[in-house]
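need coordinates for the following:
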Amino acid sequence: MKARVTVTLKSGVLDPQGQAIQGALKGLGFDGVNSVRQGKVFDIDLADADQAAAAASLKTMCEKLLANTVIENYAIDFPAETKPTAAEAPAPVAAPEPPPAPKPAPEPEPFAAAPGDIPIDAKVRRSSAPPPDGADLT
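Residues are numbered from 1 along each chain as shown. Below you'll find the model as predicted:
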């Protein structure tokens, strides 16, 4: 059995998220919105086939977990089994195209050694004398 629990703030409770949504809607050009109250909706599939027992179980769920009954109201509904409409059904999402492969970096131009340069792969000979600045290179 499917049930829907709707949790909303009580009328005297300040709703800053609803006010933020109202401001955002106004910023998007929806000037006819007088107020917004936000809430939560829980769609629950119960194993219980008896509606009265399911309602009692849902009431306990709401009072223990789903709603803060000090500041929130809740409503339990048992909607008829229907297929979701196009507005409710999630639209299939196409996989995004992968970004184009980055262009390879251009090959560096060969380095021309200046006369007197020592090749990088040349062996360095060590002398037994310490370096002139006194640093230990071992």
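
which stretches of the protein form strands?
2-9, 39-45, 72-77 (DSSP state E).

can you give the strand pairings for the second one, parallel or anti for each?
Spelled out, that is strand 39-45. Using DSSP bridges, the strands paired with strand 39-45 are strand 2-9 (antiparallel).

spatially central residue for the protein, please.
Central residue of the chain (C-alpha atoms, centre = their mean): Val93, 16.9 Å from the mean position.

all helices for the protein, in order.
Ranges of helices in the chain, per DSSP state H, are 16-27, 51-61.

in JSON lines, list those along with mean pLDDT and distance to Pro104.
(Each C-beta comes from the backbone N, C-alpha and C, glycine too.) Shown next, in JSON lines, are these (pLDDT from 0 to 100; distance: least, C-beta to C-beta, whole Å):
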{"stretch": "helix 16-27", "mean pLDDT": "95", "distance to Pro104": "45"}
{"stretch": "helix 51-61", "mean pLDDT": "95", "distance to Pro104": "59"}
